[in-house]
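J.: Predicted model, plus sequence, below.
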Amino acid sequence: MKKASRVIFAALLAVGIISGFGAATYAAGNTDVTQVINAGVLTADIRDASRVSVPSPSFALSAVNFSYNCQASSGTIGSNSQRLYVDNPNAANNGWTLSIAATAGATATWHNTGSTQNFDFNDPTTAGCADSADADSYVGQLSLDPTVSTLTADCGSCTTTAITKGSSTGFNEGTTDSVTLLTAASGSDDIGRWYLTGIGVSQTIPADQAVDSYSINLTITSTAS
């Protein structure tokens, strides 16, 4: 801005000197300068504490020992180095939701390398310890609890007002194929950036599950209301 002010002053001074030399008439050289700022796109992402996207985010549940009985493992999704972000740059004025689901859909499973060993993430029968009448013969259920998470507004003027956390929910094939993490009502800020950390996770592991390392891929999605 200082440079622009000096240029304008020099131009006005030159006009004043020239116009003082006689009867010449000069038209005004006024012009309007305009600037348009467009709304951005509602997005969901996983970023570190410097707001840089994490290329291959991962969250580990607690390791368990082999058991002849059904058992459970627990952990968290969302840490300070892997924050679950949602950005609303004036893209969703009536609110939005942030949800999570298996990337491969309702028929996905936990699997080892090569997918030779599997167990389920969305079979609710007897707390995931027995197979139900779903599309596969695998046992197990993954549950997420956003109520214990921490929601942080990450911008100069936005707040968490009118943004609520989802309830503790287990995946259930064909019934609950995605879990809501956040819901922003129409009264929430139309421009803002927020992130979640510390979402509770619990996975029921079937009895006699083979000793190995397993993984499942999940995707977070932000959707305008």
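T.: Received it, and whenever you're ready, just let me know what you need. Numbering: from 1, shown residues only.
J.: what are the phi and psi angles of the nearest residue to Ser188 once chain neighbours are set aside?
T.: Spatial nearest neighbour of Ser188, chain neighbours left out: Ala162 (4.0 Å); criterion: Cβ to Cβ, 6 or more residues apart in numbering. Using the backbone N, CA and C atoms, a C-beta is placed for each residue, glycine as well. Here is the backbone geometry of Ala162 (degrees, to the nearest 10): phi 70, psi 20.
J.: Ala162 contacts Thr183, correct?
T.: No: applying Cβ atoms under 8 Å, one finds Ala162 not in contact with Thr183, separated by 9.2 Å.
J.: shared neighbours, these two?
T.: Gly95 (Cβ atoms under 8 Å, 6 or more residues apart in numbering).
J.: Among those two, which residue is more densely surrounded?
T.: Higher neighbour count among Ala162 and Thr183: Thr183, with 18 against 13, using other Cβ atoms under 10 Å.
J.: So what are the sheet partners of the strand or helix carrying that one and their directions?
T.: Taking DSSP states H and E as the criterion, Thr183 maps to strand 178-184. When pairs are called by DSSP bridges, strand 178-184 turns out to pair with strand 96-102 (antiparallel), strand 163-165 (antiparallel).
J.: In a markdown table: the ones you listed, plus mean neighbour count.
T.: Below are the strands paired with strand 178-184 laid out as a markdown table (neighbours: other Cβ atoms under 10 Å):
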| stretch | mean neighbour count |
| --- | --- |
| strand 96-102 | 20 |
| strand 163-165 | 19 |
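J.: how about those in CSV, adding distance to Arg83 and mean pLDDT?
T.: What follows is the strands paired with strand 178-184, written out as CSV (distance: least, Cβ to Cβ, whole Å; pLDDT from 0 to 100):
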stretch, distance to Arg83, mean pLDDT
strand 96-102, 12, 98
strand 163-165, 15, 98
